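[1] Based on what follows, work out the 3D shape:
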Amino acid sequence: MVHGGNIPNCYVNSNIRHSEIIARRRNFGKLSARAPESVVDMDRFWKNPVWLQLAFTRPARIGIRWHPSNTGTFMPFPHLKNNEGRPLDQVQLTGMLMSCVIGIFPSERSRKQPVTIDLCLYLDTRRAAHSANIHDTIDYAGAVKEISFILDHCEFQLIETAVEAVCRHFLLTYQSHHALPMVDAIMVRISKPSALTHGIVPAVQIMRRRDDYQSTPVKSHSHELYAIHMAQDSALHLLATNDATPISVREHVAAAAAVLPIGRWILNEHPVKSRMPIALTGETQHFISGSTAALPGARLLLIQSQP
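    From the prediction side, this is the model:
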């Protein structure tokens, strides 16, 4: 065990979480890593899992204060209009810190690394403002769980693939016929704060509109299967059902590895929580929609599979 050092009273630049880190001198007692001694040592800070975890879980404990700049984002999100010329409303989710397998080097393929995500969804929120019903707008916690599922279960080689997968999910899944609010456009930015040295943070930011994507479903009498995202390193499918017919996911997606139920579902006669990831085992697992005319809502299965 190494005795922790003191963080100096210095001003350290970092793009992580769209913030500037202000570090101040403080004695930390015994820690498993020494505090960064200078701006250059911030590279060592982001590579060290102990300090990285403490920075975001207990920043006050190690003397770090996050100082958001302006709106707390890298950029103000641009204003967009719909096809009728009306400005679209924005639902923003910024500063999300997650981890995933992303990169092309062997060291990046063998472990997860931290990434930050900023997202802006463009839609019409007037109905939700009038009804005060969460089903008429974006469920923030649900959206974060969906992003976490995509990043946690897919193993991307490029940031470009990751941001494209997130965009495709929200624009193809969030449709009125899926009992979810219609998303007209999306902007996503993903960065890898620990990928490079000298404080350099690589990031990819893209904007997509609903018209940019088309996915023709494979239909049956009880469900529709959409190919949400298909790439060399990752694949996502969406299964939407309209009744309570039992569904065996692997009968429709043979290489399915994990499922994220959206809405009310029953798995092997037991209710499952909405947006709770489920790993598929070798056993046959039957999903049954728990939504009815009296309890309407989304009846979707987001499926991650091997490409």
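
[2] Can you get me a residue count around the residue nearest to Asp136 when sequence neighbours are not counted?
    By the measure of Cβ to Cβ, 6 or more residues apart in numbering, the closest residue to Asp136 outside its immediate chain neighbours is Ala128, 3.8 Å from it. Where C-beta positions appear, they are placed from N, C-alpha and C, glycine not excepted. Ala128 is flanked by 18 other residues according to other Cβ atoms under 10 Å.

[3] ok so Ala128 is a helix residue?
    Yes: according to DSSP: H, G, I helix; E, B strand; the rest coil, Ala128 belongs to a helix.

[4] Quick one: residues contacting it.
    Ile134, Asp136, Thr137, Pro181 (Cβ atoms under 8 Å, 6 or more residues apart in numbering).

[5] residues contacting the second one?
    When you say that, I think you mean Asp136. Arg127, Ala128, Pro181.

[6] mind checking pLDDT for the first one?
    The one in question is Arg127. As predicted, Arg127 sits at a pLDDT of 94.

[7] That one - nearest residue in space that isn't next to it in sequence?
    Arg127's closest residue in space is Asp136 (Cβ to Cβ, 6+ apart), at 4.7 Å.

[8] Need phi/psi at Ser99.
    phi -140, psi 150 (degrees, to the nearest 10).

[9] what's near enough to touch the closest residue to it other than its chain neighbours?
    Closest residue to Ser99 apart from its sequence neighbours, by Cβ to Cβ, 6+ apart: Lys112 at 4.2 Å. By Cβ under 8 Å, 6+ apart, Lys112 lies in contact with Ser99, Cys100, Val101.

[10] Now that we have those, which of them are buried?
    Cys100, Val101 (16 or more other Cβ atoms under 10 Å).

[11] which of the contacts of Lys112 lies closest to Leu172?
    Cys100 (20.6 Å; Cβ to Cβ).

[12] hey, what's the closest one bridged with?
    Gln113 (DSSP bridges).

[13] Between the two ends of stretch 123-133, how far is it?
    From its first residue to its last, stretch 123-133 covers 15 Å (Cα to Cα, to the nearest Å).

[14] State the pLDDT value of Asn268.
    The model's pLDDT for Asn268 equals 85.

[15] Could you number the chain from 159 rather than 1 from now on?
    From this message on, residue numbering opens at 159, which makes the last subject Asn426.

[16] ok, so what distance separates it from Ser432?
    Using Cβ to Cβ, to the nearest Å, one gets 17 Å for the distance from Asn426 to Ser432.

[17] Tell me which of those two has more neighbours.
    Neighbour totals were compared for Asn426 and Ser432, and Ser432 leads with 18 against 12 (other Cβ under 10 Å).

[18] My read is that the more buried one contacts Arg422, right?
    Yes: the pair Ser432 and Arg422 passes the contact test of Cβ atoms under 8 Å, sitting 6.9 Å apart.

[19] Show the contacting residues for Asp310.
    Met256, Ser257, Cys258, Pro435.

[20] Pretty sure it sits in a helix.
    Yes: counting by three-state DSSP, Asp310 is located in a helix.
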